[in-house]
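[1] my questions are about this predicted structure, shown below with the sequence.
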2 protein chains.
Amino acid sequence: MPANLASALITKLAVSNHLDGEDIRAIQSLRIRERHLGAREIIVADGVRPGECCLIVEGFAFRSKTTANGERQVLSLHIPGDIPDLQSLHLGIMDHDLVSLSPCTLGFISHAELTEVTARHPHLAAALWRETLIDGSIFREWIVNVGRRAALQRMAHLLIEVHERLEAIGRTRGGEFSLPITQIDLGDCLGLSVVHTNRTLQVLRGERLVETDKSGFNLLDKERLKELAGFDRTYLHLTPSG
Amino acid sequence: MPANLASALITKLAVSNHLDGEDIRAIQSLRIRERHLGAREIIVADGVRPGECCLIVEGFAFRSKTTANGERQVLSLHIPGDIPDLQSLHLGIMDHDLVSLSPCTLGFISHAELTEVTARHPHLAAALWRETLIDGSIFREWIVNVGRRAALQRMAHLLIEVHERLEAIGRTRGGEFSLPITQIDLGDCLGLSVVHTNRTLQVLRGERLVETDKSGFNLLDKERLKELAGFDRTYLHLTPSG
DNA sequence: CGGCACTTTTAACTTGGATCAATGCGTTCG
DNA sequence: CGAACGCATTGATCCAAGTTAAAAGTGCCG
């Protein structure tokens, strides 16, 4: 199997888990089907019962839900090494959409294969369980974000979160990181209208806290952003012990 | 061990999982330490590393987070049979508070005991994993709720959710259910101020959709409420297959 | 019984963010 | 190349929900 597909997963899991040689060999032996997608394609749709899980090897994806009256809310952003639909292994039916944000390289792993490898490697199973729990922890912080923070704090919090997560897998250069997201989608992450998303970004730019271009962000003063957002990284569980 | 402690867990797990005789015996053999708490007591605090998990046997609890500038957001409501801090088994450090909403009977199970029983009973381990995944699914719906629904829809959605969950464990009488929550805490669930929470409840009462007293709610027209809220129960995963 | 503490309710006023509408701008594509 | 589309930006207006303050209700405890 191509080492590069599995290595995204290994790098990501190693952020929050102790992996031993056996775990790594087990991951490397997984049969992973490679697939390439353009931006804004539905990877797995709400309501379906997938037979495989999707590993993000390169690029970005998001999960989202659309309400009865057509409003969309983004639930999470996903980076290389994430398996955003890992829950489908045990929940069966998808209760939301999984969509590519940018052009992506994806690796699909069948449920059967995952079930078998986790049965044989309880330690790896625990690492995957832990990943879904960290997912849950990030969901909780997003509830706080949309529920109790004002637009400016909310935006700052999200940008710091993504920076921290990308930094942990070695995909930042100082405050810079790639995230080719439109203001429309950013607004849907934050529960804001596009217009207000734009105005909020302008305040962050005006304060010399953030620079943006269409491919990503540059956090110019992360300390001040953290203070503004009231950011506490505990919820990201970025060490194997926490 | 007292059968009544374990039976809350068995009833709850059976809602979303197939349990066989062996699973049930394994649950019944758990050493569960009983404890009684009054209302509004912190069960597990943000930042600590618990050595045990907390099963709700009787009563209600909630998880919450407080932002840097003192605003509180409730993250989830928990009912008998829930283990709201099951994630502490794998995440170690608590990233939020767990608090009793009403006077509660709780059952504490040590991490060591849980680790051992899940190692010996993979099927039970899967059931518990599934419970944490359903938790995650509910978190996602709460993100949508606070991010994209107006106050009235938001309130209706929450009340239906709690009703559905309580109905699944046999704790409703028609549209009625016990949930002794103040409007302050209800507002913190919904990301609303107390004043607006009160106004919103009054609209639901005025429309003859909901009756309230201090111990609970009565949903007078659940169909109309569901339509108002745009409620789709898929996310609750209330059957072992979905 | 009477007073303190907390919750619910009402009213008046303010505001953050939504909505509506238009313009500019960069890409893609016929 | 020019049209068309999607995204970013700006300005004007509106409104849902927040804030503040105070009154009214509900225990609970001494």
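    Structure received.
[2] which residues touch the closest residue to DNA strand D within chain A?
    Using CB to the nearest atom of the strand, the closest approach of chain A to DNA strand D is made by residue A:183 at 3.3 Å. Heads up, the C-betas are built off the backbone N, CA and C, glycines and all. Listed by CB atoms under 8 Å, 6 or more residues apart in numbering or on different chains, the contact set of residue A:183 reads A:194, A:197, A:198, A:201.
[3] the third one: how many residues sit nearby?
    It refers to residue A:198. Number of residues near residue A:198 (other CB atoms under 10 Å in any protein chain shown) recorded here: 14.
[4] elements contacting the host helix or strand of it?
    Per DSSP states H and E: residue A:198 is located in helix A:194-206. Other helices and strands packing on helix A:194-206, by 3 or more CB pairs under 8 Å, 6 or more residues apart in numbering or on different chains; DSSP states H and E, are helix A:151-168, helix A:183-190, strand A:210-213.
[5] buried residues in that helix, which are they?
    Across helix A:194-206, burial judged by 16 or more other CB atoms under 10 Å in any protein chain shown covers A:197, A:200, A:201, A:204.
[6] avg pLDDT for it?
    For helix A:194-206, mean pLDDT is 98.
[7] got the angle between it and helix A:151-168?
    Angle of helix A:194-206 versus helix A:151-168, following axes from the mean of the first three to the mean of the last three CA atoms, to 10 degrees, is 70 degrees.
[8] what's helix A:194-206 in contact with?
    A:151-152, A:154-156, A:183-184, A:186-187, A:190, A:192, A:210-212.
[9] any quick PyMOL command for the buried ones out of those?
    What follows is the PyMOL syntax for the buried subset of those, where burial is set by 16+ other CB under 10 Å:
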select buried, chain A and resi 151+152+154+155+156+183+186+187+190+192+210+212
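[10] can you tell me the closest non-neighbouring residue to residue A:155?
    Nearest non-adjacent residue to residue A:155, counting by CB to CB, 6 or more residues apart in numbering or on different chains: residue A:200, 5.0 Å away.
[11] domain ranges for chain A?
    Annotated domains of chain A cover A:3-129, A:149-236 [automatic domain parsing].
[12] which is the next helix or strand following the helix or strand of chain A with the lowest mean pLDDT?
    In chain A, the helix or strand scored least confidently by mean pLDDT, DSSP states H and E is helix A:3-16, which has a mean of 93. As assigned by DSSP H and E, the chain's next helix or strand after helix A:3-16 is helix A:21-28.
[13] follow-up on the earlier one: out of the contacts of residue A:183, who's nearest residue B:63?
    Distances from residue B:63 to those, taken as CB to CB, are shortest for residue A:197 (28.9 Å).
[14] quick check: the closest one vs chain B, distance?
    Remark: distance between residue A:197 and chain B (CB to the nearest CB, to the nearest Å) = 13 Å.
[15] one more: residue A:125?
    Distance, residue A:125 to chain B, by CB to the nearest CB: 8 Å.
[16] which ones are touching that residue?
    Contacts of residue A:125 were listed using CB under 8 Å, 6+ apart, and they are A:118, A:119.
[17] need the residues of chain A near DNA strand C, please.
    A:150, A:151, A:152, A:191, A:192, A:193, A:195, A:196 (CB under 7 Å from any atom of the strand).
[18] now the two most distant members of the residues you listed.
    Farthest-apart pair in the residues of chain A next to DNA strand C is A:150 and A:195; separation 15.9 Å (CB to CB).
[19] before we move on, back to that, would a markdown table of the contacts of helix A:194-206 with distance to residue B:71 be doable?
    Formatted as a markdown table, these follow (distance: CB to CB, whole Å):
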| residue | distance to residue B:71 |
| --- | --- |
| A:151 | 14 |
| A:152 | 14 |
| A:154 | 12 |
| A:155 | 17 |
| A:156 | 15 |
| A:183 | 26 |
| A:184 | 27 |
| A:186 | 22 |
| A:187 | 22 |
| A:190 | 16 |
| A:192 | 18 |
| A:210 | 23 |
| A:211 | 29 |
| A:212 | 28 |
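[20] let's have the helices and strands packed on helix A:194-206 in CSV, adding mean pLDDT.
    Rendered in CSV, the data for the helices and strands packed on helix A:194-206 read as follows (pLDDT from 0 to 100):
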stretch, mean pLDDT
helix A:151-168, 98
helix A:183-190, 98
strand A:210-213, 96
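[21] quick one: closest of the ones you listed to residue B:42.
    Closest approach to residue B:42 among the helices and strands packed on helix A:194-206 (CB to CB): helix A:151-168, 24.8 Å.
[22] I'd like the contacts of residue A:183 laid out as CSV, including distance to residue A:51.
    Shown next, in CSV, are the contacts of residue A:183 (distance: CB to CB, whole Å):
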residue, distance to residue A:51
A:194, 36
A:197, 37
A:198, 41
A:201, 40
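[23] quick check, nearest of the residues you listed to residue B:80?
    residue A:197 (41.7 Å).
[24] now that closest one: closest residue in space, sequence neighbours ignored.
    Spatial nearest neighbour of residue A:197, excluding adjacent residues (CB to CB, 6+ apart): residue A:187 at 3.8 Å.
[25] mind listing what the one you found touches?
    Going by CB under 8 Å, 6+ apart, residue A:187 touches A:193, A:194, A:196, A:197.
[26] closest one of these to residue A:219?
    Among those, and counting by CB to CB, the member closest to residue A:219 is residue A:197, at 17.2 Å.
[27] got the phi and psi for the most centrally placed residue in chain A?
    Chain A has residue A:78 as the residue nearest its centroid, 2.1 Å off, counting by CA atoms, centre = their mean. Main-chain torsions, residue A:78, degrees, to the nearest 10: phi -130, psi 140.
[28] that one: what's it in contact with?
    So, once contact is read as CB under 8 Å, 6+ apart, residue A:78 ends up touching A:56, A:60, A:61, A:62, A:63, A:84.
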